[in-house]
Structure formats: structure tokens, C-alpha cells
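Asks: Could you look at this predicted model? Sequence included:
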Amino acid sequence: MFAYIGVALTLLIALLLARPMGAYIARAFDYTPGKLDRFFGPLEKIMYKLGGIRQNNQTWKQYVVALLVSNTVMALIVYVIFRLQDKLPLNPAGIPAMSPELAFNTAISFLTNTNLQHYSGESGLSLFSQMSAIVFMMFVSPATGIAAAIAFMRGLAGKPMGNFFVDLVRAITRILLPLCVVAALIFISQGVPQTLQTSVTATTLEGTQQQIGMGPLGSFVAIKEMGNNGGGFFGANSAHPFENPDAISNMLQMILMLLVPISLPFTYGRIVGNPKQGRVLFVSMAIMFLIMLSSSLYAEHQGNPLINELGLQQSAGSMEGKEVRFGIEQSSLYSVVTTASETGAVNTMHDTLTPLGGMIALSNMMLNTVFGGSGVGMMNVLMYAMISVFLSGLMVGRTPEFLGRKVEGKEMKLIAVTLLIQPLLVLAPTTIALMVFPNTISNPGFHGLTQALYEFTSSAANNGSGFEGLGDNTIFWNISTGIVMMIARFFSMVTLLAVAGSMLAKTPVPESSGTLRTDQALFGSVFIVVVVVVGALTFFPALVLGPIAEQLTL
């Protein structure tokens, strides 16, 4: 009972913060002068002057070019740092430079807000790499996603799309940085270390000496969760007691993971001038989230079938791979939150989840609309909203309209390509891995298939969590997942910003009695059905061959 109270309290706090946070984000990106400019304006003006940034509106093409060029430059900078970390300062442990393919994978991983780690955190990167390259990317990557989402909303609402560099700076200075400062102080107060010391020597109960890794963890964990990044300072991630020492830090991490994703529907409602639309989308996503959570809790409490002393089959809750200090409930909640928000942090090893529990984590990433990550998830939600409007319009025999503008062939072609790219990026390389590189998969049978499927699903969804046990630090896995992460991240951004630019150029049409209202419960129902039918069924055969088949063999 007390464990479920903790689950309910975590979700309640996140719910209470969602609406005011959504309103704040909308104000933060409003170009008209306001109260926030008085506080953040002086610092931002210095940054604009140093970067030569002019606060002028860009076309969707200019916005995309600015986004892609700046992200490419940032990726090259961090790649060089990884390759030269053995020659750079703050490397007291003498950690060697990364190999070219691992440096490529790591640079792309953190650039794309994925944080897929094919290295062990404490032994793969120097302090300099952690503090300069990794933390730097943990700020600019979610800021890029938030900026793209805001521009997408503006375009759909018929407003100028803004300036990418201005939006990038504001996402950092007005949202990520101040909240991370507060969160870091709370984490440090709960016992999360914040030091430049790389290790501490402890004497065990047996009298032996043990070296325990240390570092600037308080600030690292704050942006790791707030930015929906998920990469761990340690290989054990948030299962490590220094990254996640107690129930309070565990709760705060989940709230931070949810904060931006669940707030953006309310931001969308304010930007388009119809808060009810934002509430409908929020409720729809919340229903899907609660279904996923209840399913995961049920699966993990059932555990694997056991035979009792009388020879009768019984079930026991699965504690395999879970921290005793969190238990089944908090571990299941964390696994759902981290995959629903596309964060990728873990406080339990997902490889040890029950088959159905693992399938829930997979399904969250495959849909990428159960709130989704910082910005990009909301773009996917609005894409499915437009699909819902289009299909509903076809069923009643009229041209569909979304936010007062017609949704026509050009937009739907771009959306169709965007919709198809994720399953292609997941299923094709999974097939290659199973056929050509089966020796890197540590488990046989259905679970082995799920291992490979999970790795590419996590990469394509920019999540970053993994089924551990996979031999992923190889040339094949480093290059293949790096390519998948890069295409999945930027392809959808470009196509959906093109959709927004196309909608912006259209002449608004007046609402009529035949217009499908997108701010009512009926539309929310249609939206959920479309997500399930179009999104879930795409991957259903793969799920049948993996976790579902494994469940049936228990």
C-alpha cells in the first residue's frame, strides 16, 4: 500500500506542475517584451552579441539550416574531445582516448538526446570529457528539441516560426539552466556527491580496500533527467547509490523526466490560442501512460511462474535486477516514465524485466507519443493529431482542416514519410544484426531477438536505455546505432518543420459546422485509436516474435 502511495504522489506532483510549467514555457518563447526579459534579457543579449545573433524571424528552411549546421559543428567538437581525452586535462585515472567508431557513436548519441552508452561511464570518459563534452551536449541537445517543437507549434498556429538561435538560447537560459540549479542542490542535499575527486577509498566489512568512483554527480544528474538525456555518470546509471541514493532522489528524478514532456501540451494550447486543444492531447496521452503503467505493474508483480511445495503453480513478484531500496513499484514506475519520456535513465536493469514488462518499455519507445521526449515527442503527437484529422475528414468526405488550415496532399506525404522512417530504422538493422552478427547477442531464442530489437528501438526513439548483456561496443553496433540515431532525430525534425512551413503559407479558412473540433473528447478518442492502429500495429509482428513469444513459453 505504501509503495503505491509513493507512485500516486509522484504522478500527482508532476500533474500539478504540468499546467503552470506549460504556461511558463509559452511565455519564455514569446518574442513580445515581457517580465522574463527583465531578468534573463541582459545575459541573453551578451550571448546574442558574442554569437552575432540577430533576433529576426526565419523561414522554415532557414530554421532547419541553422539547426543542422550548428548541431553538426557541436558534434565535431565533442568527437575531437573524445578522441583526444588522454591528452587533455582532468584525467587523473589515465583513461585512454576513445576509438574512432566509439567516439562517433558517443558524439551522435549525446547530440541526438539519446545518450546510448556503449562505454561504461566511470571508466570510459575522463572528468574533462564528462564535464565539457557530455554536460554541454546534455544542455544543447534538449534545447534543440524544445526549440524545434516551439517553431513547429508556431507554424501550425499561423505565426512566424522564430529564430533557431534565439530559441536555443532561451531554452537553456530560461528553462533548463535555472531548474537544473535548483534540482542539483536538492540532489546534493540528499547525498549525491559533487566533487572533482575521481575516487574514494573505503574499507569493507572484510577489511579489504575498495576504490569507489566519484565526480561532479549532483549537477550531472540534474540535467541528465531535466533534459530527458538519461546517460549515466556510472555504468549502473540511476541504480548506482551515488546517482540515486534514496526514495526522494528517485521521485525527483521521475518528476524531472516528466516535467517538460507533460507541460508541452499546455504550451501548445497557449501558442495556438486554444487551451482546450492542449488539454485534450494531454488527457489522451495521460490515458495511454496510465494503461502502460498499470500493465507494467501487473506484469512485474506476477513475475515468473514458480512451483510451490505442493507442486502447484504460483506467481511471485519479480525482484530480479531491481534495487531493494526501490522495490517493484518504484522500479516499474521508473521504467515506464523513462521510456515514456524518452529519457533512457534506469534504476533497474530492463533486461531483467518480465517479458511483458519489457514489452511495455518497448511499446513506449515505438509509439514515441506517450508524452515523448523534450520537444520531439510533442512534434510526434501533433503529427498523429494531423493524421487523425485527415482520416476523419476522409471518412466524412470533406477536406480535413487543422487549426483553420487545410491539410492536403503535400503535408500528408511529408507526414507519411516521417511515419514510415522509424519502423524502417528499427526493423531493417535488427534483421541484419540477427542474421549477420548473432554472436554479439548474449541470450538465445526470443529474448535474444528482443535484445537486438530493443537496442535499435531505443536508438530510433532517441531513448538510450538498453537490454544489458548485448555486446554493443563493436564496429557494427557503434556505426549502425549511430546512423539510426542521427537519421531518426533529424529526419523527422526537417520533415515536420517543412509541414509547419507549408501550413503557415496557407490561407486560413473559416470554421464551419462540418469542421472536426479538435478540442473535444471525441477527437481525443480518435487520436488514441489512430496512435494504436497506425503506430502500434506497425511493430506488432516484431513484438509477437520477441516478448510475447517469450511470455508464452514461461
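Replies: Now that the structure is in, tell me what you want to look at.

Asks: remind me which residues of the protein are low pLDDT?
Replies: In the predicted model, the chain carries pLDDT under 70 at residues 1, 304-317, 514.

Asks: could you pull out the strands for it?
Replies: Using DSSP state E, the strands of the chain run over residues 199-203, 209-213, 305-307, 313-315, 401-402, 405-406.

Asks: Using PDB, write down the CA coordinates of the first one.
Replies: Which is strand 199-203. Only the C-alpha atoms of strand 199-203 are listed here, as PDB (Å, rounded to 0.1, in the frame of the first residue of the first chain):
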ATOM      1  CA  SER A 199      37.500   8.200  -6.400                       C
ATOM      2  CA  VAL A 200      37.500   7.500  -2.600                       C
ATOM      3  CA  THR A 201      39.000   4.500  -0.800                       C
ATOM      4  CA  ALA A 202      36.600   2.600   1.500                       C
ATOM      5  CA  THR A 203      37.400  -0.200   3.900                       C
END
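
Asks: Listing partners with orientation, what would you give for that strand?
Replies: Within its sheet, strand 199-203 is paired with strand 209-213 (antiparallel), according to DSSP bridges.

Asks: what's the partner strand in contact with?
Replies: Under the contact criterion Cβ atoms under 8 Å, 6 or more residues apart in numbering, strand 209-213 has outside partners 122, 198, 199, 200, 201, 202, 203, 204, 234, 242. C-beta coordinates here come from the backbone N, C-alpha and C atoms, glycine included.

Asks: if we go to 7 Å?
Replies: Identification of contacts with strand 209-213 by Cβ atoms under 7 Å, 6 or more residues apart in numbering yields 122, 198, 199, 200, 201, 202, 203, 204, 234.

Asks: What's the separation between the third one and residue 396?
Replies: Taking Cβ to Cβ, to the nearest Å as the measure, residue 199 falls 66 Å from residue 396.

Asks: Same question for the fifth one.
Replies: Note on residue 201: its distance to residue 396, by Cβ to Cβ, is 72 Å.

Asks: same check, this time on residue 96
Replies: Taking Cβ to Cβ as the measure, residue 96 and residue 396 are separated by 64 Å.

Asks: got it, and residue 250?
Replies: 48 Å.

Asks: the more surrounded of these two?
Replies: residue 250 (23 against 9; other Cβ atoms under 10 Å).

Asks: Hmm, that one is touching residue 244, no?
Replies: Yes. Residue 250 lies in contact with residue 244 (Cβ atoms under 7 Å); the separation is 5.6 Å.

Asks: Pull up the overlap in contacts between the two.
Replies: Residues touching both residue 250 and residue 244 (Cβ under 7 Å, 6+ apart): residue 347.

Asks: circling back to that earlier point, looking at the contacts of strand 209-213, state which has the most neighbours.
Replies: Within the contacts of strand 209-213, most neighbours by other Cβ under 10 Å means residue 122, with 22 neighbours.

Asks: ok, it touching residue 237?
Replies: No. Using Cβ under 7 Å as the test, residue 122 is too far from residue 237 to be in contact (11.1 Å).

Asks: what's the residue closest to the geometric middle of this structure?
Replies: In the chain, the C-alpha nearest the mean C-alpha coordinate belongs to residue 342, at 2.2 Å (Cα atoms, centre = their mean).

Asks: residues contacting the residue lying closest to it once chain neighbours are set aside?
Replies: Among residues not flanking residue 342 along the chain, residue 373 sits closest, at 3.3 Å (Cβ to Cβ, 6 or more residues apart in numbering). By Cβ under 7 Å, 6+ apart, residue 373 lies in contact with 113, 145, 228, 261, 341, 342, 462.

Asks: Go through these and name the one nearest residue 278.
Replies: Nearest to residue 278 among the contacts of residue 373, counting by Cβ to Cβ, is residue 261 at 13.0 Å.

Asks: can I assume the closest one is in contact with residue 369?
Replies: No. Using Cβ under 7 Å, residue 261 is not in contact with residue 369; the gap is 10.4 Å.

Asks: so what sits against both of these two?
Replies: Common neighbours of residue 261 and residue 369 (Cβ under 7 Å, 6+ apart) are residue 377.

Asks: mind putting the strands of the chain in CSV, distance to residue 58 included?
Replies: Formatted as CSV, the strands of the chain follow (distance: least, Cβ to Cβ, whole Å):
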stretch, distance to residue 58
strand 199-203, 47
strand 209-213, 44
strand 305-307, 58
strand 313-315, 57
strand 401-402, 23
strand 405-406, 20
